[in-house]
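> Provide a 3D model corresponding to the input given below.
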Amino acid sequence: MARAEVDDTALAATREGAASEMVDRTRSYTPTAAELDAFAGRWGNAELGAVFTIESGERGLLVRLNGGPPAGIEFAPVDTDTFQFAQMILRFQRDADGNVVGLDHSNPVMRNVPFTRR
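Take a look at the predicted model:
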């Protein structure tokens, strides 16, 4: 039999005969238009020959790969500097001054593929 305990910050799940496992809840993240603009631009990975064009969207980021469909795909914010669409995740990095300087892309086939601003 499984048992779960929930509080404001985490979930503890326990299965009979197994150790308890703690899972942190993600924080709600609703970026402002100005915060979304900080992620906008062209991001590339030379090894893959891939370029993401990213713009701020209505509720998240509009992303096009290699000049794909004009409408793009809207990635929703899921945590600070992290956006998701289905099983694709974009995680941005910042420098010591808080400037967005890098992007890692993950999906079911590859993890943490680095992209740099172009």
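> Do a quick rundown of the strands in the protein.
According to DSSP state E, the chain carries its strands in the segments 2-6, 10-15, 21-24, 41-45, 50-56, 61-65, 73-79, 82-85, 88-94, 100-106, 113-117.
> Can you lay out these as a markdown table showing distance to Thr32?
All C-beta spots, glycine's among them, are computed from the backbone N, C-alpha and C. Listed next are the strands of the chain as a markdown table, based on distance: least, Cβ to Cβ, whole Å:
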| stretch | distance to Thr32 |
| --- | --- |
| strand 2-6 | 29 |
| strand 10-15 | 27 |
| strand 21-24 | 24 |
| strand 41-45 | 18 |
| strand 50-56 | 10 |
| strand 61-65 | 13 |
| strand 73-79 | 11 |
| strand 82-85 | 15 |
| strand 88-94 | 15 |
| strand 100-106 | 14 |
| strand 113-117 | 20 |
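> can you redo the ones you listed as TSV with mean neighbour count, mean pLDDT and distance to Ala33?
Below are the strands of the chain laid out as TSV (neighbours: other Cβ atoms under 10 Å; pLDDT from 0 to 100; distance: least, Cβ to Cβ, whole Å):
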stretch	mean neighbour count	mean pLDDT	distance to Ala33
strand 2-6	10	56	33
strand 10-15	13	61	31
strand 21-24	10	64	28
strand 41-45	16	97	15
strand 50-56	18	96	6
strand 61-65	19	96	12
strand 73-79	16	95	12
strand 82-85	18	97	15
strand 88-94	17	98	16
strand 100-106	17	97	15
strand 113-117	15	97	20
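> Check whether His112 really touches Leu103, as I assumed.
No His there; residue 112 is Asn. No - judged on Cβ atoms under 8 Å, Asn112 makes no contact with Leu103 at a distance of 10.2 Å.
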